[in-house]
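> Here is a sequence with its predicted model. Questions after.
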Amino acid sequence: MTLSMTAVVVCGYDQLLPERGVAALIGDRQIALFRTFDGTVFALGNQDPVSGANVMSRGIVGSRGDVQTVASPMFKQVYDLRTGICLDDPGLVLTVYPVRVTDGQVIVGD
């Protein structure tokens, strides 16, 4: 599920390390940001749908085939970074936020 929100500059692109996640608080929403080795940035909800804990930013970034993924650090369900859909149980979904990089800044929202 993609959620719309007002655009907010979250951090500099260079502050995101490849294959690592970071958490950001935007208003009352916890966002998990990921930068993959190819330079793409993804923004997902930080709350693990299974445990309810805000830990997705600490997940393990990887891939399944051509799909870039993050695995929950709690119970290891694997989610598609593009869609937020769990590859192990499609009934589990992370919220996906629009994200872009402009002038070296990571902007989350529309």
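Looks like it came in fine.
> tell me the average confidence for stretch 97-110?
In this model, stretch 97-110 has a mean pLDDT of 97.
> Now the terminal residues of it, how far apart.
In stretch 97-110, first residue to last residue: 9 Å (CA to CA, to the nearest Å).
> next one: stretch 100-110
From its first residue to its last, stretch 100-110 covers 9 Å (CA to CA).
> Kindly report the same for stretch 86-94.
So stretch 86-94: terminal residues 8 Å apart, CA to CA.
> buried stuff in it?
Going by neighbour count (16 or more other CB atoms under 10 Å), the buried part of stretch 86-94 is 86-87, 92-94. Any C-beta I mention is one placed from the backbone N, CA and C, and that applies to glycine too.
> swap in stretch 63-77?
68-73, 77.
> Shouldn't Asp14 be within a strand?
No. Counting by DSSP: H, G, I helix; E, B strand; the rest coil, one finds Asp14 to be helix, located in no strand.
> What count of nearby residues applies to the closest residue to it other than its chain neighbours?
Counting by CB to CB, 6 or more residues apart in numbering, Asp14 lies nearest to Gly104, which is 6.9 Å off, once chain neighbours are set aside. The tally of other residues near Gly104 (other CB atoms under 10 Å) stands at 9.
> do you know how far Gly104 is from Ile31?
19 Å (CB to CB, to the nearest Å).
> Just flag the most distant two among the buried residues of stretch 63-77.
Gln68 and Pro73 (17.0 Å; CB to CB).
> Need the CA coordinates for stretch 22-35. CSV is fine.
In CSV, the C-alpha atoms belonging to stretch 22-35 read as follows (Å, rounded to 0.1, in the frame of the first residue of the first chain):
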residue,chain,number,x,y,z
VAL,A,22,17.9,4.0,8.9
ALA,A,23,14.8,5.1,10.7
ALA,A,24,13.3,8.6,10.4
LEU,A,25,10.4,10.1,12.3
ILE,A,26,8.2,12.3,10.0
GLY,A,27,5.4,13.7,12.1
ASP,A,28,4.0,10.7,13.9
ARG,A,29,5.2,8.2,11.3
GLN,A,30,8.2,6.0,11.6
ILE,A,31,9.8,5.5,8.2
ALA,A,32,12.6,3.0,7.3
LEU,A,33,14.9,4.3,4.5
PHE,A,34,17.1,1.9,2.5
ARG,A,35,19.8,2.6,-0.1
